[in-house]
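S.K.: Next input, structure requested:
(chains A, B and C)
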Amino acid sequence: MFTDEEIIHRILDGEDYLYEALIRKYNQRLYRISRSIVHDEDEVEDIMQTAYLNAYLNLAGFKGKSTFATWLTKILINESLLHKKRQSKRSQVSLEKLDSNYNYETPLSSLMNSELKAVLEESIAKLPEKYRLVFVMRELEDMSTNETMDALDLTESNVKVRLNRAKEMLRDVLSGHYKSSDVYDFHLSRCDKIVNRVMAEISSAIDIRDHKRD
DNA sequence: CCGCTAGAAACATGGGGCAG
DNA sequence: CTGCCCCATGTTTCTAGCGG
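M.R.: Numbering: from 1, shown residues only, chains lettered A, B, ... in the order given. Modelled structure (predicted):
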């Protein structure tokens, strides 16, 4: 097993195909996080694709100031927010779109009552974006407070209080306890789809780059 | 025992709405 | 317009628990 940093070194040394391993590793995380900003699945796919591509093209600029995971997450969040901003400019109607998009599939079998899961997903989706983002990153993706604050450019205390308030809001809706591990699951076919697309984009990007070099 | 982290509570601030 | 209140948000501070 190689660390991300080792893989990146090898990619920069010419082993471009290794980028696929990184994509597969972080697909689930990026999907959930982007999905907590943008509701439409297809749009999330596009955003992830763009984020992976941007990350790849700027890989040489990654200096290891934070971890690769955080760096990549940051790129994704920026891309997601950018997309959302563009979209809200085009059409002001976003509210009615919210409800129709909650019913996406969560393929893995779970111990959780499906009705409860649906309620939980809906409740999460209804959280204000800042709370939802922190909640998804901390609770669903198991990111540390430090990772989360780096990715979102927040203070430590702010991450803590947002997480607690998110939970508080969810508690108001959900009586009793909840199990969050299988919310926002990432469908495997979707994973392959994105991997293939990004690797295709990368190979053409490499062609262009090599062309320019000549 | 020490250091780190999470969480809860108290406190501070800033904006929006509203009566006068 | 002004003063006031309420609400959302962020910071500070304290406590508890966990592992080295």
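
S.K.: do you know how far whichever residue of chain A sits closest to DNA strand C is from A:Val136?
M.R.: Here the residue of chain A nearest DNA strand C is A:Ser157; by CB to the nearest atom of the strand that distance is 2.8 Å. Bear in mind the C-beta positions are built from the backbone N, C-alpha and C, glycine included. Remark: distance between A:Ser157 and A:Val136 (CB to CB, to the nearest Å) = 19 Å.

S.K.: again with A:Ser144
M.R.: 14 Å.

S.K.: Run through the residues of chain A sitting next to DNA strand B.
M.R.: Residues of chain A found near DNA strand B (CB under 7 Å from any atom of the strand) are A:144-146, A:156-157, A:160-161, A:163-164, A:167.

S.K.: The residue of chain A closest to DNA strand C: which element?
M.R.: helix A:156-173 (DSSP states H and E).

S.K.: ok, now A:Glu45?
M.R.: Since the elements are taken from DSSP H and E, A:Glu45 ends up inside helix A:41-57.

S.K.: got the buried residues for that helix?
M.R.: Neighbour counts over helix A:41-57 (16 or more other CB atoms under 10 Å) mark A:43-53, A:55-56 as buried.

S.K.: And the furthest pair within the residues you listed?
M.R.: Greatest spacing in these, by CB to CB: A:Glu43 and A:Tyr56 (20.3 Å).

S.K.: Quick check: chain neighbours aside, which residue is closest to the residue of chain A found nearest DNA strand B?
M.R.: Going by CB to the nearest atom of the strand, DNA strand B is nearest to A:Thr145 of chain A, at 3.2 Å. Leaving aside its chain neighbours, A:Thr145 sits nearest to A:Val159 (5.2 Å; criterion: CB to CB, 6 or more residues apart in numbering).

S.K.: any idea how far the one you found is from A:Leu120?
M.R.: In terms of CB to CB, A:Val159 sits 21 Å off from A:Leu120.

S.K.: where exactly do the helices run in chain A?
M.R.: Assigned by DSSP state H, chain A shows helices spanning A:4-12, A:19-35, A:41-57, A:68-90, A:95-100, A:114-126, A:129-135, A:145-152, A:156-173, A:188-213.

S.K.: By mean pLDDT, show me the worst of those.
M.R.: Lowest mean pLDDT of the helices of chain A: helix A:95-100, a mean of 38.
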